[in-house]
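[1] Sequence and predicted model, in that order:
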Amino acid sequence: MAWRPTQYLVKGELDNTIPGKVIGWMKFVGKGKKVIFNLKGDFHRDIRGTKIKFSNPDPDKDGARGYMYGLSDIQEGNVGDITAGLPPQDYCNYPYIEWYSDDNGRVVLELDKEDIEIIGTPIPIAESFPVDRKEQSINMRNFMEGMAKSIGMKNPEKISENGITAIIDKDKLDNN
């Protein structure tokens, strides 16, 4: 499960001009002030080394205050997949903004191509590597383990079989 506040997004700006760091802000309906970002990691190669501005031309106002209530005003943690969906498409073919917040877990925004503006020139593809899928897998595993612990699992463990992945409570499995 992830926070998916795209419908409440008003606008925002993220900056990856410093390698290994993404900073910026976002404004959401239902939040009284801007949400500030200080994340570790990089954008995907299509926009790495740039700033991006994005907006939602028609944010939803219904239910915004309730949905956005728990989103921290300061988002610190790790970059997930952040791409404009341009070639080389290492992840998807549309703007996708994902991060792993220390306070809120996984947060995802999915935008339309016309709702994002790239400021600056990306680092040349020849000088850049795709986002490490192993690192992204670790981000997801840490998020899932945190969720499992939040619902009372004392010793969560990821298991996979036939392409299906689950988080189980290892203590309960060992005792049965």
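    The structure has been received and is ready for your questions.
[2] residue ranges of the helices in this structure, please?
    Assigned by DSSP state H, the helices in the chain fall at 64-68, 133-150, 170-175.
[3] For T50, grab the count of nearby residues.
    When neighbours are counted by other C-beta atoms under 10 Å, T50 registers 19. C-betas here are computed from N, CA, C, even on glycine.
[4] Let me see the contact set for the nearest residue to it once chain neighbours are set aside.
    The shortest distance from T50 to any residue other than its chain neighbours is 4.0 Å, reached at G120 (C-beta to C-beta, 6 or more residues apart in numbering). Applying C-beta atoms under 8 Å, 6 or more residues apart in numbering, we find G120 in contact with 17, 49-51.
[5] thinking again about what came up before, weakest of the helices of the chain in terms of mean pLDDT?
    Comparing mean pLDDT over the helices of the chain, the weakest stretch is helix 170-175, at a mean of 53.
[6] Show me which positions of the longest strand along the chain end up buried.
    Ranked by residue count and defined by DSSP state E, the top strand of the chain is strand 74-83. Of the residues in strand 74-83, 75, 77-83 count as buried by neighbour count, 16 or more other C-beta atoms under 10 Å.
[7] what does that strand rub up against?
    Here strand 74-83 makes contact (C-beta under 8 Å, 6+ apart) with 14, 16, 22, 35-44, 46-47, 52, 89-92, 95-104, 106-108, 131, 136, 139.
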